[in-house]
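Peer 1: quick one: sequence plus predicted model below, questions after.
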Amino acid sequence: MVFGAGSLRHLPRELELFGARRALVLSTPGHSAAAEGLVRDLGGRAAGVFARALMHVPLEMAREARTQAARLHADCLVALGGGSTTGLAKAIALESGVPIIAVPTTYAGSEVTPIYGLTEGGVKRTGRDARVLPRVVIYDPELTLDLPLRLSITSGMNAIAHAAEGLYARDGNPLTELLAEEAIRCVAGALPSLHASPRDLAARTQALYGAWLCGTVLGTVGMALHHKLCHTLGGSFALPHAEVHAVVLPHAIEYNAAAAPQAMSALARALRSEAPARALYALARTHGAPYSLRELGMRAADLDRAAELASADPYWNPRPIERSAVRTLLQHAWEGTPPG
Ligand code: NAD
């Protein structure tokens, strides 16, 4: 882990420590100029750029990137971007074992998890594999200064969701609980400052540090109803990833509140509120994040099917998954009513 403002300058040193001589730099199309700039800076250590990463890692795109990595004899992947770019690097590493250096620019947290996802025919499949866990992460808050405000808030809520569900994970332990509580405190504390001043480097640093902790929780323990719902809504209804997390999280926490009192106490401490679900709702809404599935473009007619899909083959959850209660949760999330 290399953390701190300006730490991208340590990338050449990290490549050298690997003995890497042919790094392939990955990014989304929106970040291609930064990726190409990085290749220029790396000079002889870079083999090329693949700047076509897309959300949820479509298999076709992953195949093209794998082919390019093989053609260029890439010996290291540098993922410059958010969860979509890290996800593409993971898809390449899953087959080839080529090591990843992740340079995250959002708060998604994928850079510290062994979790990968691939989407084929509209169906996303996820798995865990040690080969996809980045070997080095360079956290440079300066790279997040221009992350659009709305995405900063929703991505922060995405990060908080990992830690919040980590608090009631079946396989949690005292260490992950400590991490999760501190993670939520950091990210939730940074969002109002980012909202007031998106280029505030101290707030960006705090948010990125919190995102590191949140991602570590995600990579260590199992997730529950909230992640199942977001996976379903993102995967089967093509709703945007971070926004869906921001909308659903308060309702999923409300659903689980009575069944996870210890987790709620930790959340209450981290959010400085006796009503954590409401506090999460207010945190998102007052800082400009979407708060209803309706405004994300979901159709009311799809709620029944979403409840069906989210209740089928459920992840473990502290409160049993009841289809009708999940349908009610989704109705509230669709309307955007405050929980509780
Ligand atoms: P993203 O990577 O899709 O990025 C969203 C948009 O923001 C892109 O257009 C990107 O170019 C732009 N962007 C990113 N950083 C920027 C910056 N600093 N400045 C300006 N623009 C910037 O979004 P995300 O929310 O980070 O990632 C979502 C994806 O990550 C989903 O597919 C999700 O499933 C996956 N994910 C995976 C894990 C895991 O552990 N495997 C964890 C979290 C998320």
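Peer 2: On my side now, so go ahead.
Peer 1: for A183, give its distance to the ligand.
Peer 2: Between A183 and the ligand the computed distance is 14 Å (Cβ to the nearest ligand atom, to the nearest Å). Just so you know, the C-beta spots here come from the backbone N, C-alpha and C atoms, and that holds for glycine as well.
Peer 1: which residue, other than its chain neighbours, is closest to that residue?
Peer 2: L213 (3.5 Å; Cβ to Cβ, 6 or more residues apart in numbering).
Peer 1: mind checking pLDDT for the one you found?
Peer 2: We have a pLDDT of 98 for L213.
Peer 1: that one: neighbouring residues, count only.
Peer 2: 25 (other Cβ atoms under 10 Å).
Peer 1: I'd say it and C186 touch.
Peer 2: Yes - applying Cβ atoms under 8 Å, one finds L213 in contact with C186, separated by 6.6 Å.
Peer 1: now do the shared contacts for these two.
Peer 2: Counting by Cβ atoms under 8 Å, 6 or more residues apart in numbering, no residue touches both L213 and C186.
Peer 1: thinking again about what came up before, against which helices or strands is whatever helix or strand the residue nearest to A183 lives in packed?
Peer 2: L213 is located in helix 201-220, with elements delineated by DSSP states H and E. Identification of packing neighbours for helix 201-220 by 3 or more Cβ pairs under 8 Å, 6 or more residues apart in numbering; DSSP states H and E yields strand 2-3, strand 136-139, helix 149-167, helix 174-196.
Peer 1: so for the longest one, mean pLDDT?
Peer 2: Read that as helix 174-196. In this model, helix 174-196 has an average pLDDT of 98.
Peer 1: before we move on, back to that, ok, now which ones touch the residue nearest to A183?
Peer 2: Neighbouring residues of L213 by Cβ under 8 Å, 6+ apart: A163, L179, A180, E182, A183, C186.
Peer 1: change it to 7 Å
Peer 2: Shown in contact with L213 (Cβ atoms under 7 Å, 6 or more residues apart in numbering): A163, L179, E182, A183, C186.
Peer 1: same question for N317.
Peer 2: N317 neighbours (Cβ under 7 Å, 6+ apart): A224, L225, N256.
Peer 1: looking at these, which is nearest the ligand?
Peer 2: A224 (15.2 Å; Cβ to the nearest ligand atom).
Peer 1: assumed I321 was part of a strand.
Peer 2: No - looking at I321 with DSSP: H, G, I helix; E, B strand; the rest coil, it is coil, so not inside a strand.
Peer 1: residues in contact with it?
Peer 2: By Cβ under 7 Å, 6+ apart, the contact set of I321 is L225, S311, P314.
Peer 1: and I100, how far is that from the ligand?
Peer 2: The gap separating I100 from the ligand is 12 Å, by Cβ to the nearest ligand atom.
Peer 1: wait, G4
Peer 2: Distance from G4 to the ligand, counting by Cβ to the nearest ligand atom: 16 Å.
Peer 1: and what of L72?
Peer 2: Per Cβ to the nearest ligand atom, L72 is found 22 Å from the ligand.
Peer 1: my guess is that residue meets A47, correct?
Peer 2: Yes - L72 is within contact range of A47, at 4.2 Å (criterion: Cβ atoms under 7 Å).
Peer 1: shared neighbours of those two, which are they?
Peer 2: Residues touching both L72 and A47 by Cβ under 7 Å, 6+ apart: R22, L24.
Peer 1: who has more neighbours, these two?
Peer 2: Counted by other Cβ under 10 Å, L72 and A47 do not tie: A47 has more neighbours, with 21 against 16.
Peer 1: which non-adjacent residue is nearest the residue most central in space within the chain?
Peer 2: The structure's the chain has its C-alpha centroid closest to A108; by Cα atoms, centre = their mean the separation is 2.3 Å. Nearest residue to A108, sequence neighbours excluded (Cβ to Cβ, 6+ apart): G83, at 3.4 Å.
Peer 1: burial measure for that neighbour, as a count.
Peer 2: Around G83 there are 28 other residues, counting by other Cβ under 10 Å.
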